[in-house]
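S.K.: Sequence first, then the predicted structure, then my questions.
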Amino acid sequence: MINSTQVSFFTLAAYCDTGAFKHLYFMIVMCLYMLILCSNLLLIVVICVNRSLHEPMYMFLCSLFVNELYGSTGLFPLLLLQILSDIHTVSASACLLQNFFVFLYGGVEYFNLAVMSYDRYLAICCPLRYNTQMSFSKITMLIAVTWFYPLLFCLVMTSLTSSLQLCGSIIQKVYCDNHAVIKLACGDTTAVNISGFFISLLSVFSLLLLILYTYGKILKVCFSGSKQTRQKAVSTCTPHLISLLNFTFGVLFEIVSSRFDMNNLPNVLRIFLSLYWFTCQPLLSPLVYGLNMSKIRIIFKSLVFDKV
């Protein structure tokens, strides 16, 4: 843990004075959080209760929705408390815990999207071998890897960050994240920076290469295949590509804003963009997959209207 005699509380300095509007902002953020919870939870239930959806693609989707529930819960409760509070402070232990949540959410989301691109590659490029390649044991192993490796990386980085000697307590954000805490260190951060570099190299860049490789193969099949093959590729890959590009945009902005001075942007815009990957991704994914995948739409309608 962070030495409590050195830093016992952090100040989240990016909050602006909302005055009489804080209750309105609280209700807006609360509605947003409830919408994220309900939409993701609803699709998890739809996938779990229907055996016809117990296929590789939908099982990976279920893992994606679970992670988005987890990531939103790591952000919104503290965010709601801070909106109502006049003093925007958070204890060192709570900050460290949220730091862990943020790191794990981003890692699992990216791993999950990479596994889904691999699944689409097998379905489109190797359709005859798809059922044998995507056995239940392999699906279980891929989902376990999707959660285990980010968890391992997060434990390493959080433990290294918690051992740093800090000379400040002001974080220029509305939530705690790993890089923001490291910037407050007054001691040697070489071990943390090297570890972060290798973790990024092993995870983000290797996953990006996997995604580029799979979509390169899919495009090759689309251009050389029949019209039916192209239609199948477009219908199954479009939701995944939208989700992938949306999440990548949010993460890239977060990385850039953490490492460069963004004071020239209005404060409200900085806050919105820093929360983009936490809010827009969990909102967009259920919408994109729920509307674009006909099987989910049909089963959802049968569940709702049959009950009515």
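M.R.: Perfect, thanks for sending it.

S.K.: Listing request: residues of this protein with sub-threshold pLDDT.
M.R.: For the chain, the stretches with pLDDT under 70 are 1-6, 18, 225, 261-263, 291-297, 299-308.

S.K.: Tell me how far stretch 243-258 lies from the chain's centre.
M.R.: Distance of stretch 243-258 from the chain centroid (C-alpha atoms, centre = their mean, to the nearest Å) equals 10 Å.

S.K.: you'd agree residue 259 is up against residue 180?
M.R.: No: here residue 259 lies out of contact with residue 180, judged by C-beta atoms under 8 Å, at a distance of 10.8 Å. For every residue, glycine as well, the C-beta is placed using N, CA and C.

S.K.: Just want to know which of these two has more residues nearby.
M.R.: residue 180 (20 against 10; other C-beta atoms under 10 Å).

S.K.: Excluding chain neighbours, give the residue nearest to that one in space.
M.R.: Among residues not flanking residue 180 along the chain, residue 171 sits closest, at 4.7 Å (C-beta to C-beta, 6 or more residues apart in numbering).

S.K.: Please name the residues that touch that neighbour.
M.R.: Applying C-beta atoms under 8 Å, 6 or more residues apart in numbering to residue 171 gives the contacts 10, 11, 12, 13, 14, 95, 180, 181, 184.

S.K.: go with 7 Å
M.R.: Applying C-beta atoms under 7 Å, 6 or more residues apart in numbering to residue 171 gives the contacts 10, 11, 12, 13, 180.

S.K.: how about the helices of the stretch 51-200 of the chain, start to end?
M.R.: According to DSSP state H, counting those that start in this stretch, the stretch 51-200 of the chain carries its helices in the segments 56-84, 92-125, 130-133, 136-162, 178-182, 190-200.

S.K.: so which strand or helix has residue 23?
M.R.: helix 22-49 (DSSP states H and E).

S.K.: Pairing partners for the one helix or strand residue 10 maps to, with directions?
M.R.: Applying DSSP H and E as the criterion places residue 10 in strand 9-12. Within its sheet, strand 9-12 is paired with strand 89-91 (antiparallel), strand 170-171 (parallel), according to DSSP bridges.

S.K.: Leaving out chain neighbours, which residue sits closest to residue 32?
M.R.: Residue nearest to residue 32 in three dimensions, not counting chain neighbours: residue 279, with 6.4 Å by C-beta to C-beta, 6+ apart.

S.K.: Residue 191 contacts residue 159, doesn't it?
M.R.: No: checked against C-beta atoms under 7 Å, the pair residue 191 and residue 159 is beyond contact range at 10.8 Å.

S.K.: circling back: and the contacts of residue 171, which two are the farthest apart?
M.R.: Spanning the widest gap among these are 11 and 180, at 11.5 Å by C-beta to C-beta.

S.K.: ok, now which ones touch the residue nearest to residue 98 when sequence neighbours are not counted?
M.R.: Counting by C-beta to C-beta, 6+ apart, residue 176 is the residue found nearest to residue 98 once chain neighbours are left out, at 4.5 Å. Contact analysis of residue 176 by C-beta under 7 Å, 6+ apart lists 10, 90, 95, 98, 99.

S.K.: Touching, the second one and residue 11? I think so.
M.R.: No: under the criterion of C-beta under 7 Å, residue 90 is not in contact with residue 11, lying 8.2 Å apart.

S.K.: Which of the two has more residues huddled nearby?
M.R.: When residue 90 is set against residue 11 and neighbours are counted by other C-beta under 10 Å, the residue ahead is residue 90, at 21 against 15.

S.K.: Now do the contacts for that one.
M.R.: Neighbouring residues of residue 90 by C-beta under 7 Å, 6+ apart: 9, 10, 12, 78, 176.

S.K.: okay, now the third one: neighbour count?
M.R.: Right, the one you point to is residue 12. Using other C-beta under 10 Å, residue 12 has 22 other residues around it.

S.K.: Name the residue most distant from the centre of the protein?
M.R.: In the chain, counting by C-alpha atoms, centre = their mean, residue 226 sits farthest out from the average C-alpha position, at 35.2 Å.

S.K.: Now do that one against residue 78, distance only.
M.R.: Distance of residue 226 to residue 78, computed by C-beta to C-beta, to the nearest Å: 52 Å.

S.K.: try residue 94
M.R.: Taking C-beta to C-beta, one finds residue 94 at 7 Å from residue 78.

S.K.: What sits closest to residue 246 if chain neighbours are left out?
M.R.: Excluding the flanking residues, the one nearest residue 246 by C-beta to C-beta, 6+ apart is residue 284, at 5.5 Å.
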